[in-house]
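Colleague: pasting the structure only:
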Ligand code: AMP
């Protein structure tokens with residue numbers, strides 16, 4: 001199949017060709033015609049599947065056919081959980097829409113609101129936004145939604161995990177009832193289904209396998225290394241393998257800073273990104289990493305979300321994540337769009353339990369290696385993939401689903417570490433502080449406190465979520481995946 005058969009017009013096809021895409025990804029092949037027909041869509045798809053173009057291309061097509069946005073009006077609203085994802089979606093809108101006379105804008109917290117207000121004043125055809133800043137702008141009457149035609153919720157599961165449900169409900173209340181709705185989510189928990197029920201009408205349901213999360217494209221290894229040897233082992237691995245572009249995950253912000261500093265001290269260009277860095281610093285670090293000026297980017301889970309770099313070859317888990325699903329998200333940063341990638345984890349003896357949760361989640365043991373010259377003194381316990389403790393696994397909701405394996409592992413991780421909370425938060429010391437990454441500064445500025453109880457509620461519920469990859473094993477016509 002080619003893009004030309006999907007019903008997109010010449011200016012969009014030209015931009016797609018210039019980007020170098022020749023074949024639509026499965027989600028694009030399914031979503032583009034459905035969106036063009038004006039249908040609501042619910043898609044189980046992770047980053048890496050081509051979902052952004054899957055909604056952006058038909059959106060641009062539809063909007064190019066109608067009347068331009070009037071002053072302060074928005075014709076299509078894309079909501080994302082984080083600033084990084086918002087910026088990346090906006091970049092895609094610009095790229096694919098460059099041959100069209102449409103206006104777009106991106107708004108998120110942590111940066112000045114003034115320029116955003118003036119940009120919205122002229123009206124925008126597509127607005128990409130994080131929820132908190134959007135509400136700020138709406139409350140300041142910087143925009144209104146009388147002309148809104150399409151709403152897109154991107155990474156809806158992340159939005160709920162990060163406690164945005166109240167903001168989303170407030171936004172839905174001020175949108176016109178008659179509109180097209182598109183919802184993308186990597187997982188489909190009970191909460192997501194509930195949200196979807198009040199959002200989409202008779203949707204086309206799509207579910208695809210993330211190309212980047214399959215064993216075929218991402219090679220995974222564990223290096224057994226003692227905790228105190230990890231930095232030296234990381235430096236050794238990067239130098240010995242001559243890795244040119246490496247994304248390193250750290251569980252904590254301090255850890256990320258420390259790792260970057262140590263790499264720099266060993267002649268490896270490195271930068272850290274995490275929630276304590278200003279938006280400007282994060283954007284700069286990412287740009288330098290993309291251009292190759294910085295060889296190693298050290299990131300916390302939240303800061304790394306939405307990072308989209310074509311064919312990122314190497315991902316290193318300096319620490320294993322507390323929540324096993326984050327392992328899948330982390331390694332999803334490599335081997336994108338069908339390219340090969342390598343994901344290695346430095347695992348110390350005290351991380352055996354975290355490793356066990358991950359291996360049970362992905363239902364496979366990750367091959368183990370040792371770094372030359374770094375013989376571990378602590379043993380990393382072997383995982384028994386079948387062993388189940390009392391109350392640990394409530395059993396699959398559906399025999400084909402991997403999702404419950406995931407949820408229960410997550411349950412364990414959270415239970416065993418209640419004080420740490422979920423990976424949807426970052427902390428400086430390894431303790432956990434809840435926040436909404438998308439607009440922390442904006443929220444703080446107006447005295448809004450993240451809703452902890454809501455966030456933990458979301459976490460509790462999301463433990464029973466199924467995953468997109470589990471859905472992928474079912475036919476896409478399986479309407480039960482969204483519980484409709
Ligand atoms: P996404 O899932 O939207 O984050 O996209 C993942 C990556 O796939 C991005 O780097 C896109 O540029 C790339 N991509 C999207 N669609 C295609 C396509 N049809 N062919 C090749 N690469 C694509």
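Modeller: That came through, no problem. As the structure is a prediction and not an experimental result, all values here were calculated from the model. Numbering: from 1, shown residues only.
Colleague: okay, CA-based contacts and neighbour counts for the rest of this
Modeller: OK.
Colleague: Quick one: neighbours of residue 280, just the number.
Modeller: Burial of residue 280 is recorded as 11 neighbouring residues (other C-alpha atoms under 10 Å).
Colleague: so it is in which element?
Modeller: Secondary-structure element containing residue 280, defined by DSSP states H and E: helix 279-291.
Colleague: Which other helices and strands does that helix contact?
Modeller: Identification of packing neighbours for helix 279-291 by 3 or more C-alpha pairs under 8 Å, 6 or more residues apart in numbering; DSSP states H and E yields strand 270-273, strand 296-299.
Colleague: now for the first one, which elements pack on it?
Modeller: So that's strand 270-273. On a contact count with 3+ C-alpha pairs under 8 Å, 6+ apart, strand 270-273 meets helix 253-265, helix 279-291, strand 296-299.
Colleague: what are the pairing partners of that strand, and which direction each?
Modeller: strand 296-299 (parallel) (DSSP bridges).
Colleague: Any residue of the helix or strand immediately after the strand it pairs with in the chain touching the ligand?
Modeller: The helix or strand immediately downstream of strand 296-299 is helix 301-304, counting by DSSP H and E. No - judged by C-alpha under 6 Å from any ligand atom, helix 301-304 stays clear of the ligand, getting no closer than 12.7 Å.
Colleague: Serialize the helices and strands packed on strand 270-273 to JSON lines and add fields for mean pLDDT and distance to the ligand.
Modeller: Listed next are the helices and strands packed on strand 270-273 as JSON lines, based on pLDDT from 0 to 100; distance: least, C-alpha to the nearest ligand atom, whole Å:
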{"stretch": "helix 253-265", "mean pLDDT": "96", "distance to the ligand": "24"}
{"stretch": "helix 279-291", "mean pLDDT": "86", "distance to the ligand": "12"}
{"stretch": "strand 296-299", "mean pLDDT": "94", "distance to the ligand": "18"}
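Colleague: if you compare the ones you listed, which one is most tucked away?
Modeller: strand 296-299 (a mean of 28; mean count of other C-alpha atoms under 10 Å).
Colleague: so how far is that one off the chain centroid?
Modeller: 17 Å (C-alpha atoms, centre = their mean, to the nearest Å).
Colleague: Could you do stretch 122-129 as well?
Modeller: With C-alpha atoms, centre = their mean as the basis, the distance from the averaged C-alpha position of stretch 122-129 to the chain average is 22 Å.
Colleague: who touches that stretch?
Modeller: When contacts are defined by C-alpha atoms under 8 Å, 6 or more residues apart in numbering, stretch 122-129 is touched by residues 63, 68-80, 86-87, 89-90, 102-108, 143.
Colleague: Report the mean confidence score over that stretch.
Modeller: If you average the pLDDT over stretch 122-129, you get 98.
Colleague: Please apply the same query to stretch 141-153.
Modeller: Here stretch 141-153 scores 97 as its mean pLDDT.
Colleague: Was I right to think residue 365 contacts residue 357?
Modeller: No - between residue 365 and residue 357 there is no contact under C-alpha atoms under 8 Å: 10.7 Å.
Colleague: SS state for the residue of the stretch 51-200 of the chain at minimum distance from the ligand?
Modeller: Of all residues in the stretch 51-200 of the chain, residue 52 sits closest to the ligand, at 3.6 Å by C-alpha to the nearest ligand atom. At residue 52, secondary structure determined by DSSP: H, G, I helix; E, B strand; the rest coil is helix.
Colleague: tell me the contacts of it?
Modeller: Contacts of residue 52 were listed using C-alpha under 8 Å, 6+ apart, and they are 89, 92.
Colleague: Recalculate using a threshold of 10 Å.
Modeller: Contacts here follow C-alpha atoms under 10 Å, 6 or more residues apart in numbering; on that basis residue 52 touches 27, 28, 46, 88, 89, 90, 92, 93, 154, 184.
Colleague: could you dump these to JSON lines with secondary structure and distance to residue 294?
Modeller: As requested, those are exported to JSON lines (DSSP: H, G, I helix; E, B strand; the rest coil; distance: C-alpha to C-alpha, whole Å):
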{"residue": "27", "secondary structure": "helix", "distance to residue 294": "33"}
{"residue": "28", "secondary structure": "helix", "distance to residue 294": "32"}
{"residue": "46", "secondary structure": "coil", "distance to residue 294": "27"}
{"residue": "88", "secondary structure": "helix", "distance to residue 294": "19"}
{"residue": "89", "secondary structure": "helix", "distance to residue 294": "23"}
{"residue": "90", "secondary structure": "helix", "distance to residue 294": "24"}
{"residue": "92", "secondary structure": "helix", "distance to residue 294": "23"}
{"residue": "93", "secondary structure": "helix", "distance to residue 294": "26"}
{"residue": "154", "secondary structure": "coil", "distance to residue 294": "29"}
{"residue": "184", "secondary structure": "strand", "distance to residue 294": "32"}
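Colleague: That concludes my questions; thank you for your assistance.
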